[in-house]
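> I need the structure of the sequence given here:
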Amino acid sequence: MSGVEIIKVKPEDDGMRLNRWFLKYYPGLGLGRLQKLLRTKQIKIDGKRAESGSRLLTGQEIRVPPLEQEKKVSDGAVISTKDAQYIKDMIIYKDDDVIVLNKPSGLAVQGGTNTLRHIDGMLEALKFDLPEKPRLVHRIDKDTSGVLVLARNRKMADGLTKAFREHTLQKTYLTLVRGVPAKMSGEIKAPLEKAGEKVYVSEEGKQAVTFFEVLDNVGDKYALIAASPLTGRTHQIRAHLEYIGAPIIGDDKYFGKERDRSKMFADKLHLHAYQIDLSSVYGKKMVVKAKLPDYFKESLKTLGMDFKEQRYEKIF
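Got it, this is the predicted structure:
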């Protein structure tokens, strides 16, 4: 059929749902029409029938039928001076292969319904001396702050995408929780199943493992925890900590009935991607850390916790 496109999935779109992919590249395509194109098998992935929620993998081929009325997003998007400076101020490390950002809480990594401002839409400002903008190779939740790694070339993008998929890069998160786990350190091994916008511990779910260590606590009321996910399930740390009776401060989804609504803390998710170990990709020692956001520091100060990075040089 004339006008049909076969488009390969880019590394920065690895793991993205098909409906979000179309929202990103064909913003004029309504959800209703997308569903009709899927039902009539006009959209396919690697020659096979596709679903709206299908997760994409780098290198897969998407068959796109003629979309005359839809405007494809240009790779050379115009970024405002304000947004360009905003994303540049997030940079905590840069070399020829990667740029690492300290993403603030509340900023999405990619666009979606009613999400017009996001990291993906500002990447043009991070080209610097290279002809291409950096590529997304992983994501963190909109309300989670901290380390976000961008690849500056295809070779590094392929290596990082593979490493993230195979979970060979250790990531350590810091989180402030209500309650204190029964054990001061250990392993949470509980399968997770997604239902709607949440995930739940379920025997029918996928394997999920999280290591944790209590770094500080206030009696049995609050605790500062370091958590490292061995697997990479959606909302894994949030669901696992709720499961062991230590829900994260500011978590609207997983705090449940015990959510602390006092004025003691900022109404933000207290979950921060603190550090990532890129040594397996670099072939040498390479650890990048992102400083805690101010609201997180204030919450710790309120509880009398004095977080000093040097105290936790060797978490796990």
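> for the stretch 51-200 of the chain, what spans make up the helices?
If DSSP state H, counting those that start in this stretch is used as the criterion, the helices of the stretch 51-200 of the chain fall at 81-88, 154-166.
> can you redo these as TSV with distance to Ile244?
Placement of C-beta: from N, CA and C, glycine included. Shown next, in TSV, are the helices of the stretch 51-200 of the chain (distance: least, CB to CB, whole Å):
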stretch	distance to Ile244
helix 81-88	36
helix 154-166	26
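> per the record, what domains does this structure have?
The chain breaks down by automatic domain parsing into domains covering 5-64, 81-165, 171-312.
> quick one: low-confidence ranges for the stretch 201-316 of the chain?
Applying pLDDT under 70 to the stretch 201-316 of the chain flags residues 256-262, 308-316.
> same thing but 80
254-263, 306-316 (pLDDT under 80).
> Assign Glu12 to helix, strand or coil.
The three-state assignment at Glu12 reads helix, by DSSP: H, G, I helix; E, B strand; the rest coil.
> Local confidence estimate at it?
At Glu12, the pLDDT value in this model is 82.
> now swap in the one 10 residues further on and tell me
According to the per-residue confidence, Phe22 scores 86 in pLDDT.
> Quick check: which element contains it?
Using DSSP states H and E, Phe22 sits in helix 18-25.
> Can you give me the buried ones in whichever helix or strand comes after that helix?
Of the helices and strands lying after helix 18-25 in sequence (DSSP H and E), the nearest is helix 31-39. Across helix 31-39, burial judged by 16 or more other CB atoms under 10 Å covers Leu34, Leu37, Leu38.
> Same check on stretch 122-140?
Quick answer for stretch 122-140 (16+ other CB under 10 Å): 122-126, 133-140.
> Which one of these is nearest to Arg20?
Arg139 (10.8 Å; CB to CB).
> So that closest one sits against Gly15, correct?
Yes - judged on CB atoms under 8 Å, Arg139 makes contact with Gly15 at a distance of 7.0 Å.
> For the residue nearest the centre of the chain, give me its contacts.
The residue lying closest to the centre of the chain (CA atoms, centre = their mean) is Ile140, at 1.3 Å. Contact analysis of Ile140 by CB atoms under 8 Å, 6 or more residues apart in numbering lists Lys103, Val109, Gly146, Val147, Leu148, Ala273.
> from what I can see Ile99 touches Asn153, true?
No - look at Ile99 against Asn153 with CB under 8 Å: they stay out of range, at 11.2 Å.
> gap between Arg33 and Thr40?
To Thr40, Arg33 is 11 Å away according to CB to CB, to the nearest Å.
> Quickly list what's touching both of the two.
With CB under 8 Å, 6+ apart, Arg33 and Thr40 have no common neighbours.
> pretty sure Val288 is in a strand, no?
Yes - per three-state DSSP, Val288 lies within a strand segment.
> Nearest to Thr302 among the buried residues of stretch 122-140?
Of all the buried residues of stretch 122-140, Ile140 has the smallest distance to Thr302: 25.1 Å, by CB to CB.
> now the closest one: how far from Pro134?
Taking CB to CB, one finds Ile140 at 16 Å from Pro134.
> which stretches of the stretch 1-150 of the chain have low pLDDT?
1-3, 23-24, 27-32, 67-79, 111-116.
> Now do the strands in it.
Secondary structure of the stretch 1-150 of the chain (DSSP state E, counting those that start in this stretch): strands located at 5-8, 44-45, 48-49, 61-64, 91-94, 98-103, 135-136, 145-151.
> Compile those strands into TSV and extend it with columns for distance to Lys268.
Shown next, in TSV, are the strands of the stretch 1-150 of the chain (distance: least, CB to CB, whole Å):
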stretch	distance to Lys268
strand 5-8	37
strand 44-45	37
strand 48-49	41
strand 61-64	36
strand 91-94	20
strand 98-103	13
strand 135-136	23
strand 145-151	8
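> If anything else comes up later, I'll come back, but that's it for now.
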